[in-house]
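Novice: Dropping the sequence and predicted coords here.
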Amino acid sequence: MSGLLVFGRTGQVATELARQAPDAVFLGRDQADLSDPAACAAAIRDAAPDAVINAAAYTAVDRAESEPDLARAVNTDAPVAMARACAELGIPFVQISTDYVFDGSGDRPWVESDATGPLGVYGATKLAAEQGIAAAGGTWAVLRTSWVFSAHGANFVKTMMRLGGQRDTLNVVADQHGGPTPAADIAAACLTMTAALRDGSAKGGVYHFAGAPDTTWAGFARQIMAQADLACQVGDIATSDYPTPAKRPGNSRLDCTAIARDFGISRPDWRAALTDVVTELQT
Ligand SMILES: NC(=O)C1=CN([C@@H]2O[C@H](COP(=O)(O)OP(=O)(O)OC[C@H]3O[C@@H](n4cnc5c(N)ncnc54)[C@H](OP(=O)(O)O)[C@@H]3O)[C@@H](O)[C@H]2O)C=CC1
Ligand SMILES: Cc1cn([C@H]2C[C@H](O)[C@@H](COP(=O)(O)OP(=O)(O)O[C@H]3O[C@@H](C)C(=O)[C@@H](O)[C@H]3O)O2)c(=O)[nH]c1=O
Ligand SMILES: [Mg+2]
């Protein structure tokens, strides 16, 4: 896709966007630091693109608890500044958000109109971005996704493969439920949504998108060990047995009906994508 500007270059989704949209312009931290929102808006005006995707974020969930100001600048103020600059230029803006905007209650998959209630700083800063983008007055879409994995960057698959190679057993939380999502499919979804906003065939809004089937972190870990051919036994533990600075939602299931209806995008099977990621990591 030409005329596309992407914030982020080295992250999981940015790397997959670069594979799928090699003609786009990618701004890394050295070209646009999201801790400087005004610089991000200026970068959009300078590049004069015909669409913008933000694939950069402060994603260290636990560290955000002790760095709330930086997390808010990067995750809220910068994307809102981007959305306002896009609104002024009359071009679409696509942002990626998270299951961590929800409080994790119940066991029903969340729909887009459900009440939010973030449990930590990361989720709160991502939610505030959604609200500021919607208020910016332009053409926009927010893709809420969950449990992103790929062969690049830091993610749960790489952590499990590293620990699984070092240990005979590993305890993993089995009471947090959600859908692992391949970064490659998120990149593809962002490009489809950007094109639809650009040609006017969709009007945008908030959309849920996650891999299927829903599982738990322990279930995900067992599938990783099996596919990577690691003998490490995964034991089920409760969230209370794995204390962390940030609280995480017990129910992260995302209902993905709306994105299928409005964009023809269906949930990818994360187990098949995991095969490709494990292969890429092992070769
Ligand atoms: N990872 C996950 O499990 C999930 C992610 N998301 C969302 O998806 C999107 C993409 O996430 P993902 O690809 O996993 O992210 P990664 O953590 O893989 O990458 C984050 C990217 O943001 C960049 N970045 C961080 N801080 C700054 C800064 N101050 N200035 C400029 N760039 C910065 C990083 O650059 P550098 O390499 O220089 O640090 C990196 O390129 C984000 O919006 C995230 O919130 C949603 C649900 C789950
Ligand atoms: C390493 C490890 C983690 N865990 C637990 C902690 C946590 O509940 C779960 C996953 O650990 P992580 O640190 O990968 O989780 P986390 O960084 O919170 O992952 C989240 O990142 C942000 C950016 C998102 O937007 C979310 O969708 C989600 O992907 O597994 C264990 O139970 N045992 C272990 O050995
Ligand atoms: Mg993490």
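Specialist: The structure has been received and is ready for your questions. Ligands and ions are numbered 1, 2, ... in the order given.
Novice: now the residue of the stretch 51-200 of the chain found nearest ligand 2, which residues is it bridged with?
Specialist: Taking CB to the nearest ligand atom as the measure, the stretch 51-200 of the chain has Thr98 as its residue closest to ligand 2, at 3.5 Å. Yep, even glycine has a C-beta here, placed from its N, CA and C like the rest. When bridges are assigned using DSSP bridges, the partners listed for Thr98 are Thr145.
Novice: contacting residues for it?
Specialist: The contact partners of Thr98, by CB atoms under 8 Å, 6 or more residues apart in numbering, come to 122-123, 126, 144-146.
Novice: The longest helix belonging to the chain: which residues count as buried?
Specialist: In the chain, ranked by residue count with DSSP state H as the criterion, the top helix is helix 183-199. Of all the residues in helix 183-199, those buried under the rule 16 or more other CB atoms under 10 Å are 183-191, 193-198.
Novice: which strands and helices sit next to that helix?
Specialist: Using 3 or more CB pairs under 8 Å, 6 or more residues apart in numbering; DSSP states H and E as the contact criterion, the neighbours of helix 183-199 among helices and strands are helix 12-20, strand 51-54, strand 93-98, strand 140-145, strand 148-149, helix 257-263.
Novice: Now do it against helix 12-20: the angle between them, please.
Specialist: 70 degrees (axes from the mean of the first three to the mean of the last three CA atoms, to 10 degrees).
Novice: Check the offset of the helix or strand just after helix 183-199 from the chain's centre.
Specialist: Stepping forward along the backbone from helix 183-199, the first helix or strand reached (DSSP states H and E) is strand 205-208. Taking the mean of its C-alpha atoms, strand 205-208 sits 13 Å from the chain's own mean (CA atoms, centre = their mean, to the nearest Å).
Novice: List the strands paired with strand 205-208, with their directions.
Specialist: For strand 205-208, pairing defined by DSSP bridges yields strand 140-145 (parallel).
Novice: Show me how far the partner strand is from its chain's centre.
Specialist: Using CA atoms, centre = their mean, the mean C-alpha position of strand 140-145 is found 9 Å from that of the whole chain.
Novice: Report the angle between it and strand 93-98.
Specialist: For the pair strand 140-145 and strand 93-98, the angle between their directions (the same axes, to 10 degrees) equals 20 degrees.
Novice: got the CA positions of strand 140-145 in CSV?
Specialist: Listed next in CSV are the C-alpha coordinates belonging to strand 140-145 (Å, rounded to 0.1, in the frame of the first residue of the first chain):
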residue,chain,number,x,y,z
TRP,A,140,-10.6,6.2,12.4
ALA,A,141,-10.6,2.6,13.4
VAL,A,142,-9.4,0.9,16.6
LEU,A,143,-8.6,-2.7,16.5
ARG,A,144,-8.7,-4.3,19.9
THR,A,145,-6.6,-7.5,20.0
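Novice: re earlier: out of the contacts of Thr98, the closest to Val13 would be?
Specialist: Thr145 (8.8 Å; CB to CB).
Novice: OK, contacts around that closest one?
Specialist: Going by CB under 8 Å, 6+ apart, Thr145 touches 96-99, 181, 186, 208-210, 254.
Novice: Next: Ala81.
Specialist: Counting by CB under 8 Å, 6+ apart, Ala81 makes contact with 37-38, 40-41.
Novice: Do a quick rundown of the strands in the protein.
Specialist: In the chain, the segments counted as strands under DSSP state E are 4-7, 25-27, 51-54, 93-98, 140-145, 148-149, 169-173, 177-178, 181-182, 205-208, 215-216, 233-237.
Novice: chain center to the fourth one: distance?
Specialist: The chain centroid and the centroid of strand 93-98 are separated by 8 Å under CA atoms, centre = their mean.
Novice: Any part of that strand near ligand 1?
Specialist: Yes: residues of strand 93-98 are located near ligand 1 by CB under 6 Å from any ligand atom, namely 96, 98.
Novice: For that strand, what does the pLDDT average out to?
Specialist: Here strand 93-98 scores 98 as its mean pLDDT.
Novice: For the remainder of this discussion, apply numbering that starts at 42.
Specialist: Happy to do that; since the first residue is 42 now, the last one works out to strand 134-139.
Novice: For it, buried residues please.
Specialist: Buried positions in strand 134-139, judged by neighbour count with 16+ other CB under 10 Å: 134-139.
Novice: still on that earlier bit, pull out the buried residues from the contacts of Ala122.
Specialist: Those of the contacts of Ala122 that meet the buried threshold are 78, 81-82, by 16+ other CB under 10 Å.
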